[in-house]
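S.K.: Let's see this in three dimensions:
(2 chains)
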Number of protein chains: 2
Amino acid sequence: MNSAARRRMASLSELAGLVADGAATTRSAIVGATGLSRAAIAQRVDLLIERGLLVETEPAATDRGRPPLALDLSDARIVVAGCDLGATHSRLAVATLSGRVLAERERAIDINAGPDAVLAGVRTDLEELLAAAGRPADHLRAVGIGVPGPVEFASGTVVRPPIMAGWDGCRIPAYFEGRYAAPVLVDNDVNAMALGEYTHRQASRHLLYVKVGTGIGCGIVSDGVLHRGASGAAGDIGHIQLPGHEDVLCHCGNTGCVEAVASGAAIAAALRAQGADAARAADVVRLVSAGHAAARRHVRLAGQRIGEVLASLVSFHNPDTIVIGGILAKLHEDLLADVRAVIYRRALPLATRSLAIETSVLGERAGMLGAVRLAARHLLSAEGMAGIIGDV
Amino acid sequence: MNSAARRRMASLSELAGLVADGAATTRSAIVGATGLSRAAIAQRVDLLIERGLLVETEPAATDRGRPPLALDLSDARIVVAGCDLGATHSRLAVATLSGRVLAERERAIDINAGPDAVLAGVRTDLEELLAAAGRPADHLRAVGIGVPGPVEFASGTVVRPPIMAGWDGCRIPAYFEGRYAAPVLVDNDVNAMALGEYTHRQASRHLLYVKVGTGIGCGIVSDGVLHRGASGAAGDIGHIQLPGHEDVLCHCGNTGCVEAVASGAAIAAALRAQGADAARAADVVRLVSAGHAAARRHVRLAGQRIGEVLASLVSFHNPDTIVIGGILAKLHEDLLADVRAVIYRRALPLATRSLAIETSVLGERAGMLGAVRLAARHLLSAEGMAGIIGDV
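M.R.: All right, here's what the predicted structure looks like:
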């Protein structure tokens, strides 16, 4: 793309973004918001309508006369897909550009079966969901995928994942090329979850999504934007060291990491050592739900330790919202109470004055809906726009 | 400002920003970058020239003919000021919009003398520096001030400062109103220092500025933007709890805060307890420089403890640059070595792969130059533009 084309795509992207955010939904409003001439706006709006990105409809007439034609994102010819891959599940949705889910499916997987097996399943699901939604393959114009491991976002490559056997160096977009005219955006699952929760909370600008499952991780939204950091590693809080646990060895090779002390896997291990039937994080949830006192005690202690780490991060980042997700968030009556207590006691009053600490509003669908958002917003970016518009 | 005027100011701000960043410095380049018509650009550029914000000059002719007229920020009729207030110093500069210092001055103050006394000194300095730079008062169009305490940025009000006796609730801009046609932007001193260091490092996008002086604080730049957080408290890391120091009481009422263990004040107190002549942070620097072994040992231990806190923040935020500033950074051979060692040992390899941990390039001028930047960038914002352009 030469620089003139790039500027043109940026201008189209800005225009589509105004409509998507509801900031300007008539041609006149867009003229006002952009400073471009009515003729220039007409030319651009017409192009976006012609390419199926926007639709212009006549609102019902009112007593005060005919309102102007209203612009909105179109769902007639463009859909996106969002996929959340976990250690043992794949959740996939086909959705409109505005994020409305048309069809979705969950299936059990073993992520350690490797990319060939897992992504073949995703491709099959994707075809079936497109069919279920009554959409031909060429309607699919972007795919977002969240995976349970570190990702080099620019290329969609999995980088040295602690779980995900067989995925190291896998460039996930390659598995979809040729089949769909759709760029594939790949991100860490926790980033996708943070984006999903952020999108569904109007009042939040600075949000931390903390996943407490087999491991512990964090997605960061700063002033409305996903913060990936200098090398895409931001939010990897599982290996922050806790006070007073220098004797606990972590799989990372260090000692005292919060993940080695307070994750679902760590609690299950502690319960096993006490003779309980607990192989993994889900067993912790089962035991607590069944009233197992020691399991409940371990979850409360884990809440305190996670709270200690989060108290430091609240003082540093000063978020307005912390969302606790992951399988252990199902135990929110036990976990959340202690997380909250420690944060409010330890973090600075100014930083906690209007801080909300909550469980997920989207639950297990957070990652999938975040991946949908990732895909939809990419399409509306200057780069995504170039894919839709081509060299016109 | 009505919405049409606001959009107009946003458009003028965008245009001035393109010139300020060097992204588009001719009328043609601005037409290309904005998508606006040549006539619309001409009208806007002429207005900005007329109001003294831009200047258009003829570059020297070359063999290949006459190059187009080049736009730049003008320093003929607009200057800004930047002030760094510390516990015991005031540093003030008068500078051009592009950040070139025309005149500067440092004076000793006692911040606890209160706002009337301290800000009268700043006003006197400001008048004398304007005179020294040969500028009338009406050339001054924005003032940035960094103060050693929490600030509500929107109003410029000091909020419950731990030091700064007599300043609680003080709205600093009120001390300059009526005298200058210049908005006054007030921020925490560490935020100003972070902005100053960031502005002078081309390669950095995500920077943490850590001030180690009497206290310990941090300024955060995320993707080129100062991150103030939900209530302006971001970066207040002095009260993060350290492992293994639960017996140390902090002035905040909690125990084990890094500031209570590893700040200049804490080291001075520990040395006093051992019989050394150390009243405050500056004495620690004096003793170490004179070869005092116990003082040096304390500084190295402080470096390790600060490193422990920063290791967690590196895993969370994944910066590309950490700048260690404040008076104890003068002892960088001792302090920095231990900070680095702990961060590289504790933080995740992916997060430290290309992390630079350095001392300040601006030294004691970082806060003042950051305050200059704060003022200059405000003038180029839509809000600042409205002050320059008025209701035209």
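S.K.: how about the helices in the stretch 251-392 of chain A?
M.R.: A:258-262, A:264-273, A:281-289, A:293-317, A:332-346, A:349-352, A:366-380, A:382-389 (DSSP state H, counting those that start in this stretch).
S.K.: Okay, the residue of the stretch 51-200 of chain A found nearest chain B and B:I172: tell me how far apart.
M.R.: At 6.3 Å from chain B, A:P150 is the closest residue in the stretch 51-200 of chain A, using C-beta to the nearest C-beta. The C-beta positions use only the backbone N, C-alpha and C, and glycine is treated the same way. Distance of A:P150 to B:I172, computed by C-beta to C-beta, to the nearest Å: 45 Å.
S.K.: Can you tell me which residues in the stretch 251-392 of chain A are near chain B?
M.R.: A:252, A:254, A:256, A:308-309, A:311-313, A:315-320, A:346, A:348, A:350-351, A:353-355 (C-beta under 8 Å from any C-beta of the partner chain).
S.K.: List the contacts of the residue nearest the centre of chain A.
M.R.: With distances taken as C-alpha atoms, centre = their mean, A:A192 lies nearest the centre of chain A, 1.5 Å away. Going by C-beta atoms under 8 Å, 6 or more residues apart in numbering or on different chains, A:A192 touches A:G82, A:D84, A:G144, A:G146, A:G219, A:A366, A:G367, A:M368, A:G370, A:A371, A:L374.
S.K.: repeat for A:A76
M.R.: A:G52, A:V55.
S.K.: State the phi and psi torsions of it.
M.R.: Backbone torsions for A:A76, taken as degrees, to the nearest 10, come to phi -80, psi -40.
S.K.: Strands along the stretch 51-200 of chain A, start to end?
M.R.: For the stretch 51-200 of chain A, the strands defined by DSSP state E, counting those that start in this stretch cover A:54-57, A:70-73, A:79-85, A:89-95, A:101-108, A:140-147, A:151-152, A:157-158, A:184-188.
S.K.: strand partners of the last one, parallel vs antiparallel please.
M.R.: So that's strand A:184-188. Looking at strand A:184-188 with DSSP bridges, its partner strands are strand A:140-147 (parallel).
S.K.: From the chain's centre, how far out is the partner strand? Work that out for me.
M.R.: 11 Å (C-alpha atoms, centre = their mean, to the nearest Å).
S.K.: Would you check that A:V210 makes contact with A:G235?
M.R.: No. Counting by C-beta atoms under 8 Å, A:V210 does not reach A:G235; the two are 9.0 Å apart.
S.K.: Which segments of chain A make up each domain?
M.R.: Taking automatic domain parsing as the criterion, chain A consists of the domains A:3-73, A:79-194+A:367-389, A:202-360.
S.K.: got CSV for the ones you listed, with mean pLDDT too?
M.R.: As requested, the domains of chain A are exported to CSV (pLDDT from 0 to 100):
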stretch, mean pLDDT
domain A:3-73, 86
domain A:79-194+A:367-389, 94
domain A:202-360, 93
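S.K.: Relative to B:A329, which of these is closest?
M.R.: Checking these against B:A329 by C-beta to C-beta gives domain A:202-360 as the closest, at 19.8 Å.
S.K.: doesn't A:I220 make contact with A:L195?
M.R.: No. Using C-beta under 8 Å, A:L195 is not in contact with A:I220; the gap is 10.3 Å.
S.K.: Name the residues contacting each of these two.
M.R.: Taking C-beta under 8 Å, 6+ apart as the contact criterion, the common neighbours of A:L195 and A:I220 are A:L226.
S.K.: Okay, A:E50 and A:S28: tell me how far apart.
M.R.: Counting by C-beta to C-beta, the gap from A:E50 to A:S28 is 20 Å.
S.K.: I misspoke; the intended subject was A:L249.
M.R.: 65 Å.
S.K.: returning to what we had before: in CSV: the strands of the stretch 51-200 of chain A, plus distance to B:R64 and mean neighbour count.
M.R.: CSV is the format used below for those (distance: least, C-beta to C-beta, whole Å; neighbours: other C-beta atoms under 10 Å in any protein chain shown):
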stretch, distance to B:R64, mean neighbour count
strand A:54-57, 44, 16
strand A:70-73, 46, 18
strand A:79-85, 48, 29
strand A:89-95, 54, 24
strand A:101-108, 57, 16
strand A:140-147, 44, 27
strand A:151-152, 42, 20
strand A:157-158, 44, 20
strand A:184-188, 44, 25
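S.K.: picking that back up, looking at the helices of the stretch 251-392 of chain A, which is buried most?
M.R.: Mean neighbour counts were taken over these using mean count of other C-beta atoms under 10 Å in any protein chain shown, and the top value, a mean of 28, falls to helix A:366-380.
S.K.: so what secondary structure elements neighbour it?
M.R.: On a contact count with 3 or more C-beta pairs under 8 Å, 6 or more residues apart in numbering or on different chains; DSSP states H and E, helix A:366-380 meets helix A:3-20, strand A:79-85, strand A:89-95, strand A:101-108, strand A:140-147, strand A:184-188, helix A:189-199, helix A:382-389.
S.K.: Quick one: residues contacting A:D247.
M.R.: Contact analysis of A:D247 by C-beta under 8 Å, 6+ apart lists A:T255, A:G256.
S.K.: which element is it on?
M.R.: Assigned by DSSP states H and E, A:D247 falls within no helix or strand.
S.K.: Tell me which residue in the stretch 151-300 of chain A sits closest to chain B.
M.R.: For the stretch 151-300 of chain A, C-beta to the nearest C-beta, closest residue to chain B: A:G229, 2.5 Å.
S.K.: what's near enough to touch the closest residue to that residue other than its chain neighbours?
M.R.: Leaving aside its chain neighbours, A:G229 sits nearest to B:N318 (2.5 Å; criterion: C-beta to C-beta, 6 or more residues apart in numbering or on different chains). Counting by C-beta under 8 Å, 6+ apart, B:N318 touches A:R228, A:G229, A:A230, A:S231, A:G232, A:A233, A:A234, A:G235, A:D236, B:H206, B:A351.
S.K.: With A:I78 as the reference, measure out to the nearest residue to A:S13 once chain neighbours are set aside.
M.R.: Of all residues not flanking A:S13 in the chain, A:A382 sits nearest, at 4.4 Å (C-beta to C-beta, 6+ apart). As for A:A382, its distance to A:I78 is 17 Å (criterion: C-beta to C-beta).
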